[in-house]
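Enquirer: Pasting the sequence and the predicted model now:
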There are 2 protein chains.
Amino acid sequence: MQNRPGRSPRITISDVSTAAKVSAATVSRVLNGTAKVDPQLVDRVHDAVRELGYRPNAAAQGLARGEWGTIGVLVPDLANPYFPEVLKAVSAVARAHGRRMMVMESDEDPALEYELVEDLMRCCDGVLLASPRMPRAELVDLLGRDHPMVLFNRVVAGARVPSISVDFTGGMTQVCGHLAQLGHRRAAYLGGPPASWGNDERVRAFEAARAFGLEVTVVECGGSTSQAGYDAVAAVLESEATAVLAYNDLVALGAIARLRELGVGVPDELSVIGFDDISLDRVAHSDLTTVSVPRDELGRRAGEMLERLLVNEYSEEPLYLPMTLQVRDTSGPPTVR
Amino acid sequence: MQNRPGRSPRITISDVSTAAKVSAATVSRVLNGTAKVDPQLVDRVHDAVRELGYRPNAAAQGLARGEWGTIGVLVPDLANPYFPEVLKAVSAVARAHGRRMMVMESDEDPALEYELVEDLMRCCDGVLLASPRMPRAELVDLLGRDHPMVLFNRVVAGARVPSISVDFTGGMTQVCGHLAQLGHRRAAYLGGPPASWGNDERVRAFEAARAFGLEVTVVECGGSTSQAGYDAVAAVLESEATAVLAYNDLVALGAIARLRELGVGVPDELSVIGFDDISLDRVAHSDLTTVSVPRDELGRRAGEMLERLLVNEYSEEPLYLPMTLQVRDTSGPPTVR
DNA sequence: AGCTCGCCTGAAAGCGGTTTCAGAGCCTCG
DNA sequence: CGAGGCTCTGAAACCGCTTTCAGGCGAGCT
C-alpha cells in the first residue's frame, strides 16, 4: 500500500483529482454517486480513473465510512465438508449486499475461538459464529460487546442474538424412531466434540427415545472426524448395541471403515446411521443412512439474518430448520447376537 | 464503527490515552512494542486497555501502516472439496504470520473473477489465485498491476509470478499408463471446465499415451461437478471406450452413479478413474481409482510463497508437486464388447 | 558546574478516503 | 434590478492509528 521499495506507488484519490482537475470530494461523489455532479466533470473523473487504473483503498474507505464492508465467519474446521457449503451460501449473500467475507478457522480448538472472534470484530461489520464450541460464559461475554453477531448451530438461552440452527433433537428423534421401528432395542451413540452444543441437542433426543423402547448409550469419541469414529468402534463392540448412531457422517464413515476391517457386516450385524448427510455431491449419493440438513438454505438464511442485523435493529426469534431422515443402506433390522 | 444509533460508541486509542494519562503515541508504542516505554506507563496503558476493552481498529491500522494484515484467496467453487482443504492450510500459514484470510468465490464463472480479484487487491496485502479460469489476457493484465500475487494450479508462461501447481500431466500420464497396462486401448476423457488450465495440462498427457497404445478421446462435459459427469455418460457409451478418465473425482463419481443406474458394471464393463483423490476423509477411503494430490502441502507451500513474496523480493521458479496414482476398485482389465 | 549525549515522551503530520460546511454562481421572483 | 434561494463545487475536518520529529530531562563526562 505504502510506496514500498520496488513497487509502483499507489494511485490515490488525489492523483485522480489532479488528473481530472477537480477536487477529491468530487471524485468521491462521482464514484459513490452520493451527490449530483456536472456531467462534464463526471466524464473527466471517469476518464482519469480509467487511465490511472485507480481503485479506492478499502481501508481508507472503511475508516471514513465507519464500515468495513466485510463480514466475518468463524468455523471450527474447514476440512469438514459441512462448512464450505455454508460458507458458499453466506458468501453469496454477503456479495449480493456488497460485502466481502473473511474466514477464520479454530481447527476445533475451543480455546482459540475467543481470540479469533475478537480479531474478527476488529475488522468486520458483522460476525457469524458457526458451531462455536467455546464455553457459554465466553460466548455470552462476546455477545455482550454489542457487535452485530449471528449464532449458527448454537442457541444461547436468554441471549438476545439472532440464532439459526437445525433441529438436532428432532433429527435424532427421527433416527431413533427409525431404529425402534426396525426392532432395535439398544444403540450406541458416538458423541462428537465435547464442547459441541449440537451434540447436547442430539443427546436430548435419547430420553424421548426410551418411549419407543430404544435405549441409547453414549460412547464418547470426542471428535467430529472419521478418525474419531474409527477409533471408537472397539468400545461399541463391547456393548450390546445393535445399532450405532454417529455424531455426524464423518464419524459414521470412520466407524464403518473400521467395522469393514473387522469383518463386521453393515447393516447385517450392526446398523450405522450418520448425521448431516454430507455426500460428496448431490448425484453420486452415498449409501449411508443419515438425516440431512439443508446446508445451503441454512447458510443463506444465516447470511440474511446478519445483513438484516446490520441495517435494522434486532427483532428475531431463533430459527430452527428441520432435518430429514434419509433411509439408505446402512440401517436394517437387528440380528440377535 | 461510527457511533451508530443504538450501539455503544467505539472505544478508540484516545479514550485509552486519556484514561491512562499518556499520549496516543505511547499507547500505540506499548501495544505494538515498537519502542521502549517506562514500565509504569506500560502498566497504566495495559490497565486502561483491559478496563475499557479496547481493540485497535483494523482499518485505521491498515491505513496508517500501509498494510492490511490480510491476504485474499480466490477459489472457483467452495463446494468443491478440493478447495476447503487448501484454504485450511493457507489460513493456517497466514495466521502464523499474523494475517487474516479473505475468501472469494467465483462460482465457476470466469467472467466474475477479474472483478473479484480487483476487489481483493483493494483490501489485501497479497492475493492467492486458486485455479483461476479467466482468460490468459485478463490474468496477465492483473499480474501486471504489481500487486503481490501467487498463482495456484495455473502457470502462465513467461509471467514473473510465483506459481505452484500439481503435475497434472504427470498424473494423467500415470493414469494412462495404468490403463494401458491393464490392456485398454480406447478411453474417453470427461473434460472439465473449458477455461481450466489444469484441464489442458491433463489433456497434454494423451499424446504421450498414444505411445502406450492408448487412444484417448475427449468428451466435453463442461463442468467440474458430479452433475456434469452424470450427464456426460451417454456420450461415453456411444463411443468404443472401455475406460473413462474424469477431470476430477466429482465428475467420476457422477459418472459412476449414472452407470450404476444404467446397469453398467464398474469396472467389469467400464473402468472409471478419477482425479484429485477427494475422499470424504482419510480413513473411510473411497473405492475410486484416482490420482491423489497433497492438497494440504499444496496449500501450505502456496501460503508460504505468498508470505515470502510479501516480505522479500520475488525469486522463485514455478513449483510442481507430484501426484500419486491410487489404484482401487473402479479400474480393471477391459472386456470385449 | 556546565555541557553533551541519549532516552523517553507528546505533539503533530500523515495514511486515503468521506462528509460537512461554506461560498460561488445562476436563476427566479418580487 | 436586487434580494433570496438552489445547486454544485472545493476546502477542510475527520475517521483511528502509526510514526516522525522535536523537546525535556537525567546521566555521564570534563
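Expert: On my side now, so go ahead. In this text the structure is predicted, and so the values were computed from the model without any measurement.
Enquirer: residues in chain A within reach of DNA strand D, list them.
Expert: Of all the residues in chain A, those in contact range of DNA strand D (CB under 7 Å from any atom of the strand) are A:21-26, A:29, A:35-38, A:41, A:60, A:63-64, A:66. Where you see a C-beta, it was placed from the backbone N, CA and C, and this is true even at glycine.
Enquirer: Distance check, A:S91 against DNA strand D.
Expert: Using CB to the nearest atom of the strand, to the nearest Å, one gets 27 Å for the distance from A:S91 to DNA strand D.
Enquirer: Now for that residue: which residues touch it?
Expert: A:101, A:303, B:78, B:103-105 (CB atoms under 8 Å, 6 or more residues apart in numbering or on different chains).
Enquirer: List just the nearest of the residues you listed to DNA strand D.
Expert: Nearest to DNA strand D, judged by CB to the nearest atom of the strand, of these is A:M101 at 22.6 Å.
Enquirer: Restricted to helices, list the contacts of A:S91.
Expert: Using DSSP state H, the subset of the contacts of A:S91 located in helices is A:G303.
Enquirer: Return the residues in contact with the most centrally placed residue in chain A.
Expert: Taking CA atoms, centre = their mean, the centroid of chain A lies closest to A:A130, which sits 4.0 Å from it. A:A130 makes contacts with A:73-76, A:83, A:86, A:152-153, A:302, as judged by CB under 8 Å, 6+ apart.
Enquirer: still on that earlier bit, counting neighbours, which of the contacts of A:S91 comes out on top?
Expert: Taking other CB atoms under 10 Å in any protein chain shown to define a neighbour, the member of the contacts of A:S91 with the most is A:G303, carrying 30 neighbours.
Enquirer: so A:R160 sits in a helix?
Expert: No. According to DSSP: H, G, I helix; E, B strand; the rest coil, the state of A:R160 is coil, so it is not within a helix.
Enquirer: Could you give the number of residues near it?
Expert: For A:R160, the neighbour count with other CB under 10 Å is 11.
Enquirer: cool, and A:D268?
Expert: By other CB under 10 Å, 11 other residues sit near A:D268.
Enquirer: Assumed it was part of a strand.
Expert: No. With the criterion set as three-state DSSP, the secondary structure at A:D268 is coil rather than a strand.
Enquirer: Contact partners for the residue in the stretch 151-300 of chain A that DNA strand D sits nearest to?
Expert: For the stretch 151-300 of chain A, the residue closest to DNA strand D is A:V161, as judged by CB to the nearest atom of the strand, at 23.8 Å. Residues touching A:V161, when contacts are defined by CB under 8 Å, 6+ apart, comprise A:143, A:149-151, A:314.
Enquirer: can you redo the contacts of A:A130 as a markdown table with neighbour count?
Expert: Converted to a markdown table, the contacts of A:A130 look like this (neighbours: other CB atoms under 10 Å in any protein chain shown):
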| residue | neighbour count |
| --- | --- |
| A:V73 | 29 |
| A:L74 | 23 |
| A:V75 | 25 |
| A:P76 | 24 |
| A:F83 | 25 |
| A:V86 | 26 |
| A:F152 | 28 |
| A:N153 | 24 |
| A:A302 | 27 |
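Enquirer: Pick out the most distant pair among those.
Expert: Across the contacts of A:A130, no pair lies farther apart than A:P76 and A:A302, at 15.1 Å, counting by CB to CB.
Enquirer: is it true that A:R55 touches B:E115?
Expert: No. Between A:R55 and B:E115 there is no contact under CB atoms under 8 Å: 11.1 Å.
Enquirer: The two: which has the busier surroundings?
Expert: It is A:R55, of A:R55 and B:E115, that has more neighbours when counted by other CB under 10 Å, with 16 against 11.
Enquirer: Spatially nearest residue to that one, not counting backbone neighbours?
Expert: Nearest in space to A:R55, with sequence neighbours left out and distances taken as CB to CB, 6 or more residues apart in numbering or on different chains, is B:R122 at 5.1 Å.
Enquirer: just A:R136 next, same as before
Expert: Closest to A:R136 by CB to CB, 6+ apart is A:V156, at 6.6 Å.
Enquirer: Could you pull up the residues touching that neighbour?
Expert: A:V156 makes contact with A:136, A:139-140, A:143, A:163 under the criterion CB under 8 Å, 6+ apart.
Enquirer: So which of those sit within helices?
Expert: A:136, A:139-140, A:143.
Enquirer: Could you point out which of the contacts of A:V156 is nearest to DNA strand D?
Expert: Among the contacts of A:V156, and counting by CB to the nearest atom of the strand, the member closest to DNA strand D is A:L143, at 21.4 Å.
Enquirer: near DNA strand C, which residues of the stretch 51-200 of chain A show up?
Expert: A:54-57, A:60-61, A:63-65.
Enquirer: Mind checking which of these are buried?
Expert: The neighbour count (16 or more other CB atoms under 10 Å in any protein chain shown) marks A:54-57, A:60-61, A:63 as buried among these.
Enquirer: could the residues you listed be laid out in JSON lines, adding distance to B:D277, pLDDT and secondary structure?
Expert: Rendered in JSON lines, the data for these read as follows (distance: CB to CB, whole Å; pLDDT from 0 to 100; DSSP: H, G, I helix; E, B strand; the rest coil):
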{"residue": "A:Y54", "distance to B:D277": "44", "pLDDT": "96", "secondary structure": "coil"}
{"residue": "A:R55", "distance to B:D277": "39", "pLDDT": "95", "secondary structure": "coil"}
{"residue": "A:P56", "distance to B:D277": "42", "pLDDT": "96", "secondary structure": "coil"}
{"residue": "A:N57", "distance to B:D277": "41", "pLDDT": "96", "secondary structure": "coil"}
{"residue": "A:A60", "distance to B:D277": "44", "pLDDT": "96", "secondary structure": "helix"}
{"residue": "A:Q61", "distance to B:D277": "43", "pLDDT": "96", "secondary structure": "helix"}
{"residue": "A:L63", "distance to B:D277": "45", "pLDDT": "95", "secondary structure": "helix"}
